[in-house]
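Participant: need coordinates for the following:
(one chain, ligands or ions: 1)
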Amino acid sequence: MQTQSSPDTLAAVAAVNLVKVYGTGDTAVRALDGVTVGFDRGRFTAIMGPSGSGKSTLMHCLAGLDTATSGQVLLGGSDLTRQPDKVLTKARRERIGFVFQSFNLLPQLTAAANITLPLDLAGRRPDPALYDRLVTTLGLTGRLTHLPSELSGGQQQRVALARALVARPEVIFADEPTGNLDSRSGAEVLSLLRDSARDLGQTIVMVTHDPGAAAYAHRVVLLADGRLAGEIHSPDIAAVTDALQSLAAAR
Ligand SMILES: Nc1ncnc2c1ncn2[C@@H]1O[C@H](COP(=O)(O)OP(=O)(O)OP(=O)(O)O)[C@@H](O)[C@H]1O
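Facilitator: Next up, the predicted model:
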């Protein structure tokens, strides 16, 4: 296991000495304590670590959904932390895709309209071949005219995934993307993420607690107490489980 990660400004997305403090004074929590890590283009990385280690905070800061206290977030080499809100919003809309547990589907739109919404907002049309492939692979063919309230949790999650992938963003951030899926659907989603990295050169960053899910990634980045605690390249379930157990034992 390696414990070093150099700042890599050529990475698709990178954190440089990122610090995030919630609250002030005695109650302040240092959720990120100087994290420097890069995520290479076309690679699928899982972020893992004990509960409260800063995984979600890191991903939210990388995705521009939360503001770091200090440090930099680089997207394609440019510093997101110094951009005006308008530029940040545009970058989020056009260059970044999100697959979060809370789905964030619009309740009044059909599944199909939810999937194409980010493209519609950007005045772009979906690539029909990619759209068809995603809808078929994700088992949504018979569900496209349904509203989110008419879909199961797993189906909603797959709509959110199709929405993130169809726009072909440079970077996709996924927070427990298989959390609500049965094991077969979960395996399909993870394969799809890995294929998207390989075939479309997308950069995928996924937070997960599941060593089985992490084993689909090219690399696992470990966090503990808001700091980088190691990396595993070409992870398998046993190596990930061992690393998590070592982190838990060190607490
Ligand atoms: N909005 C907030 N206000 C105050 N503290 C927060 C806030 N969000 C997170 N924290 C704290 O920051 C630390 C890191 O939280 P974070 O959610 O990033 O951890 P995590 O590794 O994603 O945890 P989990 O695996 O339980 O989801 C925790 O101590 C948490 O309590």
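Participant: so where do the strands sit in the stretch 1-150 of the chain?
Facilitator: Assigned by DSSP state E, counting those that start in this stretch, the stretch 1-150 of the chain shows strands spanning 13-22, 29-39, 44-48, 70-75, 78-79, 96-99.
Participant: what is the end-to-end distance of stretch 39-59?
Facilitator: 12 Å (C-alpha to C-alpha, to the nearest Å).
Participant: got the contact list for stretch 131-151?
Facilitator: Contacts with stretch 131-151, where a contact means C-beta atoms under 8 Å, 6 or more residues apart in numbering, come from 103, 105-112, 114-116, 155-156, 158-159, 161-162, 165-166, 185, 188-189, 192. Every residue, glycine included, has its C-beta placed from N, CA and C.
Participant: kindly reformat the strands of the stretch 1-150 of the chain as TSV containing distance to the ligand, mean pLDDT and mean neighbour count.
Facilitator: Putting those into TSV (distance: least, C-beta to the nearest ligand atom, whole Å; pLDDT from 0 to 100; neighbours: other C-beta atoms under 10 Å) gives the following:
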stretch	distance to the ligand	mean pLDDT	mean neighbour count
strand 13-22	3	96	20
strand 29-39	3	96	20
strand 44-48	8	97	26
strand 70-75	15	92	19
strand 78-79	22	80	13
strand 96-99	15	85	24
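Participant: of all those, which lies closest to A174?
Facilitator: Smallest distance to A174 across the strands of the stretch 1-150 of the chain (C-beta to C-beta): 4.0 Å, for strand 96-99.
Participant: sheet-wise, list the partners of that closest one with their directions.
Facilitator: strand 171-175 (parallel) (DSSP bridges).
Participant: only alpha carbons, please: show the helix or strand just after the strand it pairs with as PDB.
Facilitator: Downstream of strand 171-175, the next assigned helix or strand under DSSP states H and E is helix 183-200. This file holds the C-alpha atoms of helix 183-200, laid out as PDB (Å, rounded to 0.1, in the frame of the first residue of the first chain):
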ATOM      1  CA  SER A 183     -26.500  -7.000  -6.400                       C
ATOM      2  CA  ARG A 184     -27.200  -7.700 -10.100                       C
ATOM      3  CA  SER A 185     -28.200  -4.100 -10.900                       C
ATOM      4  CA  GLY A 186     -25.300  -2.900  -8.700                       C
ATOM      5  CA  ALA A 187     -22.800  -5.000 -10.700                       C
ATOM      6  CA  GLU A 188     -24.200  -3.600 -14.000                       C
ATOM      7  CA  VAL A 189     -23.900   0.000 -12.700                       C
ATOM      8  CA  LEU A 190     -20.300  -0.500 -11.600                       C
ATOM      9  CA  SER A 191     -19.400  -2.200 -14.900                       C
ATOM     10  CA  LEU A 192     -21.000   0.800 -16.700                       C
ATOM     11  CA  LEU A 193     -18.900   3.200 -14.700                       C
ATOM     12  CA  ARG A 194     -15.700   1.300 -15.400                       C
ATOM     13  CA  ASP A 195     -16.600   1.000 -19.100                       C
ATOM     14  CA  SER A 196     -17.300   4.800 -19.300                       C
ATOM     15  CA  ALA A 197     -13.800   5.500 -17.900                       C
ATOM     16  CA  ARG A 198     -12.200   3.100 -20.400                       C
ATOM     17  CA  ASP A 199     -14.300   3.800 -23.500                       C
ATOM     18  CA  LEU A 200     -15.200   7.400 -23.100                       C
END
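Participant: got the buried residues for helix 183-200?
Facilitator: 185-186, 188-190, 192-194, 196-197 (16 or more other C-beta atoms under 10 Å).
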